[in-house]
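Trainee: here's my sequence, what's the structure:
(chains A and B)
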Amino acid sequence: MPRYAMVIDTKRCVGCADCVVACKTENNVPDGYCRDWIVEDVRGAFPNLQMEIRSERCNHCENPPCVRCCPTGASYVDTGGIVLVNHDECTGCKACIASCPYDARFVHPEGYVDKCTFCIHRVKEGLEPACVAVCPTKCMHFGDLEDPDSEVSKLLKVRHSHSLIPEAGTSPKVFYLT
Amino acid sequence: MREVTITSGRDMHLIDPALTIWGWEIPVYLFLGGLVAGILFFSALYYLRGKADEMPTVVRVTPLLAPVLLGLGLFALFLDLEYKLHVFRFYTNIRLESPMSWGSWTLAVIFPLSVVWALIHIEQVFSGWRWPYRWMAQAVEMARQYARPIAWVLIIYAVILGMYTGILLSAFNARPVWNSAILGPLFLVSGLSTGVALNLLISKSEAEKHLLSRIDIMAIAVELFLIIHLFMGFLASTQIHIEAAGLFLGGPYTAGFWIFVVALGLVIPALLEFLELKGRVLATRIPALLVLAGGLILRFIIVDAGQMSHWTF
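Mentor: Model (predicted):
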C-alpha cells in the first residue's frame, strides 16, 4: 500500500503561484476559492531577514482530525493515505473546517466541503499532481514514502525538512525542504 | 519578528481573513439545547422523586415548552447546513469518533421523547384539555404507563445533550479556545442553570421558587469554579493555549466575557437570589432573566472566540 507525500524545496521555490493556477484549472476550482496557496514566511530583524516561500495545501495527515470529526463519514482516507471528501455524503456541517489546523478546507458554492485531493485522478493514471507537473523551478516532488527509492524518500533522507504544525498531532504528509 | 503573509491564491469563503464558519445558528442551538437539557433533567428528576404535585412548574408546565425550544434549536442547526437536502445523511451512519454524530443521534432520541413527555403532562396543565380523537387519548394513556422508565431515559439523555453541546466544540484540537475538556461540564452546568432560570420565570409558587433559587446558586457556584479551571488549564498549557486565554484576559473578548457572562450572568444573579432567600430584597424575575441572557452570551462568545484562535506556524 503506497503512502503518498509531497516534498517541496523552499530553496528553489520563487512563489510564482503557477501551482495555484494549475490546480484551479485542473480541478475547476470556482472563482474566489483555492485548494493551494502561497505563503511568505519572513523571520528576523532587518537587515538579518530570512524568507521561506511555501506552496501550502491539505497535508493529507496520517491522523486526520477532519475524518475523525465528520459525522456522516463523507471525509475519509482513501488508498495511498489520501484524505478525500465524498460530495454525496457531505451535509456541509463544517465540522471538518473547524477541525483543520491548516485551514485547508472550504465550502464549495455547490454546498459540499472541498479541498486538495493530491490530484488522485491524475495519480491513478501515473501522472503527477497538476501543481507538481507545472512547477517551473521543479521545486515540488510527489511520491510514495513506503518506497525507499522514490524521489520523495531520497530527498527526505539527504535534506533537512520540516512539516507544518506537527505538534498538533496530525502527522502531516507535505514536507518542506530547508 | 515573524510575519506570515499569504501572497497568492487564498481568498477562501468563510476562512479568510478570519475563520467565520459558524454564525448565530450554532450558539443559538447550543443555548437552546442546554436549556432543554436543563428543563427535562429537573422535570424527570422531580417526577421520579414524586414531587409532581409540589413542583407543578418544574415537572409539568415548563416541559411543555421543551419540544418547541428544541425544535427551534434544531431548525437553527438545519439553517447552518450548507447542503440542506443532505440532512438525512446524519442518520445513515453511526460514527463513534465524531461528537457531531453522537449529537445527531442523541437528538433523534431526546426530541421525540420530549414530545411524549409533554403530551403525558398536557392534560394536568390545561384542565379543559380534550383529545380530538379517542386513539390519541389511548396512545397518551399508554405512554403514561411508561412514564417512569421514560423519565429515567430522559435524565440520561438530558445529561448527554447538555454535555454534548460543549464536547462538540472541545473535540476540535485546531481551535485552542475550544480544546478544553472543561467545556463539556461547563456547558452542562450552564444548561441546567438556564433550565432552572426558565422555571423561575414561569413558576407562581413561592416554595418552588425558593428551591429553584437554591439550586441555581449551587449551579452558578459550580460554573464559576469550572470557568476558573478552564483558564487555569489554558494558562498552564502550551503557548497557543496561553494565547487563547489571552483573548479573554486583555484580548477582544475581555469586556464581553467578564461583564456580561461572569458579572451580569453569574455573580449578580447568584447574589440577588441569595439576598432574596434571606429576605433582604424583593423576589423578582431579574436574576432569572440575567442567567438566561448570560447563558446565551456565553455560547456566542465561546463559539466566536474559538474561531479567532488557531495554531501559529
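
Trainee: and the residue of chain B nearest chain A?
Mentor: Among all residues of chain B, B:E82 sits closest to chain A, at 2.6 Å; criterion: Cβ to the nearest Cβ. (Glycine included, C-beta is placed from N, CA and C.)

Trainee: can you read off the pLDDT for that residue?
Mentor: Looking at B:E82, its pLDDT reads 93.

Trainee: the nearest residue to it once chain neighbours are set aside: neighbour count?
Mentor: Excluding its sequence neighbours, the residue lying closest to B:E82 (Cβ to Cβ, 6 or more residues apart in numbering or on different chains) is A:G92, at 2.6 Å. A:G92 has 21 neighbouring residues, counting by other Cβ atoms under 10 Å in any protein chain shown.

Trainee: now do the one 4 residues further on
Mentor: A:C96 is flanked by 29 other residues according to other Cβ under 10 Å.

Trainee: same deal with A:R3?
Mentor: Based on other Cβ under 10 Å, the number of other residues close to A:R3 is 18.

Trainee: so how far is chain B from the closest residue to it other than its chain neighbours?
Mentor: Using Cβ to Cβ, 6+ apart and skipping residues adjacent in sequence, the residue nearest A:R3 is A:L145, 4.4 Å away. A:L145 sits 21 Å away from chain B, taking Cβ to the nearest Cβ, to the nearest Å as the criterion.

Trainee: right, and A:L145 touches A:A5 too?
Mentor: Yes: with contacts counted by Cβ atoms under 8 Å, A:L145 reaches A:A5, the gap being 4.9 Å.

Trainee: shared neighbours, the two?
Mentor: Residues touching both A:L145 and A:A5 (Cβ atoms under 8 Å, 6 or more residues apart in numbering or on different chains): A:152, A:173.

Trainee: between these two, which has more neighbouring residues?
Mentor: A:A5 (26 against 18).

Trainee: assumed that one was part of a helix.
Mentor: No: using DSSP: H, G, I helix; E, B strand; the rest coil, the assignment for A:A5 is strand, not a helix.

Trainee: show me what it is bridged to.
Mentor: According to DSSP bridges, the partner residues bridging A:A5 are A:G143.

Trainee: who are the contact partners of it?
Mentor: With Cβ under 8 Å, 6+ apart, A:A5 has these contacts: A:60, A:142-145, A:152, A:173-175.

Trainee: what of B:G195?
Mentor: B:G195 neighbours (Cβ under 8 Å, 6+ apart): B:34-42, B:62.

Trainee: just give me the closest of those to B:L282.
Mentor: B:T62 (23.2 Å; Cβ to Cβ).

Trainee: can I assume that closest one sits in a strand?
Mentor: No: applying three-state DSSP, one finds B:T62 to be helix, outside a strand.

Trainee: list the contacts for it?
Mentor: B:T62 makes contact with B:39, B:43, B:195, B:198-199, B:202, according to Cβ under 8 Å, 6+ apart.

Trainee: one more time with 10 Å, if that's ok
Mentor: If you count contacts by Cβ atoms under 10 Å, 6 or more residues apart in numbering or on different chains, B:T62 has them with B:35, B:38-40, B:42-43, B:56, B:69, B:118, B:121, B:125, B:195-196, B:198-203.

Trainee: quick one: buried residues of stretch A:110-124?
Mentor: For stretch A:110-124, a neighbour-count test (16 or more other Cβ atoms under 10 Å in any protein chain shown) marks A:111-120, A:122-123 as buried.

Trainee: and the gap between the closest residue to B:P176 other than its chain neighbours and B:I301?
Mentor: Nearest non-adjacent residue to B:P176, counting by Cβ to Cβ, 6+ apart: B:A244, 3.8 Å away. According to Cβ to Cβ, to the nearest Å, B:A244 and B:I301 sit 13 Å apart.

Trainee: which neighbours do those two have in common?
Mentor: In contact with both B:A244 and B:I301: B:V177, using Cβ under 10 Å, 6+ apart.

Trainee: which one's more surrounded, these two?
Mentor: B:A244 (27 against 20).

Trainee: ranges for the helices of the chain?
Mentor: Let's take chain A. Assigned by DSSP state H, the helices in chain A fall at A:18-27, A:65-69, A:95-99, A:120-123, A:130-134, A:151-158.

Trainee: my bad, the chain I had in mind was chain B
Mentor: B:25-48, B:56, B:66-80, B:99-125, B:134-145, B:147-170, B:183-202, B:206-235, B:239-246, B:254-255, B:268-277, B:286-308.

Trainee: same list (the ones you listed) but as a markdown table, adding distance to A:R68.
Mentor: Shown next, in a markdown table, are the helices of chain B (distance: least, Cβ to Cβ, whole Å):
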| stretch | distance to A:R68 |
| --- | --- |
| helix B:25-48 | 19 |
| helix B:56 | 45 |
| helix B:66-80 | 20 |
| helix B:99-125 | 9 |
| helix B:134-145 | 38 |
| helix B:147-170 | 13 |
| helix B:183-202 | 17 |
| helix B:206-235 | 22 |
| helix B:239-246 | 19 |
| helix B:254-255 | 32 |
| helix B:268-277 | 38 |
| helix B:286-308 | 17 |
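
Trainee: hang on, B:A288 packs against B:G265?
Mentor: No: with contact defined as Cβ atoms under 10 Å, B:A288 does not count as touching B:G265 (11.4 Å).

Trainee: identify the contacts common to the two.
Mentor: Counting by Cβ under 10 Å, 6+ apart, the residues touching both B:A288 and B:G265 are B:T194.

Trainee: contacts only, for residue 16.
Mentor: Went with chain A since none was named. Counted by Cβ under 10 Å, 6+ apart, A:C16 has contacts A:38, A:53, A:55, A:134-137, A:139, B:8.

Trainee: I was after chain B.
Mentor: A:32, A:34, A:37, A:103, A:106, B:6, B:10.
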